[in-house]
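Student: Next input, structure requested:
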Amino acid sequence: MSTSMLGLISAMTALIASILGPIVTLTVARRQFNANVLSTNREKWIETFRDRLSELVSLISTASLVRSEWRSQWNAREAIAKDPLFVTAVEKIAYSFTQLTLLTNEEEESHQALLRAIDRAIIHLQNAEASEDDVRNDMDELRHVGRQIIRYEWGRVKRGV
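Tutor: Below is the predicted model:
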């Protein structure tokens, strides 16, 4: 090869590198930015999800205690009418349930399992025949499924997905 040919190849290589270098750098930077934004948003979601689920389990526990005071005479509507604190607890349960519903993805099985567990817990709170063990089992199930969801989401954060 002649020197002029080598010079031409060197010049072409430098030209291609000067064009492709910034394009590759921009593409990598854009992907990293998107991964960082996604991870930050997912971390906020996990925090909100954890707080709402913790609040809901706490409220169910409180409502269960109120319910146990009524013993065999339990009537949710009557309890709401007579006890303003219970009304507040019921409102907060509904609020937390709604928030969790909006935070979950109805297409994911673990999220569906969580919503089913919440429904069971609320039904058990309303039902006079449901035992305190039923409600306690519901709360255990909520914590268990919630941990699974959070563990999965933290894995996604760590992977940057």
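Student: Run through this structure and note the low-pLDDT ranges.
Tutor: 1, 28-29, 31, 33-38, 70-76, 161 (pLDDT under 70).
Student: how deep is Thr48 tucked in, by neighbour count?
Tutor: Other residues near Thr48 number 13, with proximity taken as other Cβ atoms under 10 Å. C-beta here means a position set from N, CA and C on the backbone, and glycine is covered the same way.
Student: Could you say which helix or strand holds Ala130?
Tutor: Using DSSP states H and E, Ala130 sits in no helix or strand.
Student: Pretty sure His124 is one of the things it touches, is it not?
Tutor: Yes - assessed by Cβ atoms under 8 Å, Ala130 is found in contact with His124 at 3.9 Å.
Student: and the two? which has more neighbours close in?
Tutor: Set Ala130 next to His124 and count neighbours by other Cβ under 10 Å: His124 wins out with 22 against 18.
Student: quick one: contacts for that one?
Tutor: Residues in contact with His124, defined by Cβ atoms under 8 Å, 6 or more residues apart in numbering, are Ala130, Asp134, Val135, Asp138.
Student: dump the residue contacts of the most centrally placed residue in the chain.
Tutor: In the chain, the residue lying closest to the centroid (Cα atoms, centre = their mean) is Phe49, at 4.2 Å. Listed by Cβ under 8 Å, 6+ apart, the contact set of Phe49 reads Leu100, Leu103, Gly146, Ile149, Ile150, Glu153.
Student: What strand or helix carries the nearest residue to Val87 once chain neighbours are set aside?
Tutor: For Val87, ignoring the flanking residues on the chain, the nearest one in space by Cβ to Cβ, 6 or more residues apart in numbering is Ile80 at 5.3 Å. Counting by DSSP H and E, the element that carries Ile80 is helix 76-82.
Student: circling back to that earlier point, and which of the contacts of His124 is nearest Ile9?
Tutor: Asp138 (73.0 Å; Cβ to Cβ).
Student: Which helix or strand lies directly C-terminal to the helix holding Ile80?
Tutor: For helix 76-82, the following helix or strand on the C-terminal side (DSSP H and E) is helix 84-103.
Student: Tell me the helices and strands packed up against the helix or strand encompassing Asp140.
Tutor: For Asp140, the host element (DSSP H and E) is helix 132-159. Contacts defined by 3 or more Cβ pairs under 8 Å, 6 or more residues apart in numbering; DSSP states H and E place helix 132-159 against helix 3-70, helix 109-126.
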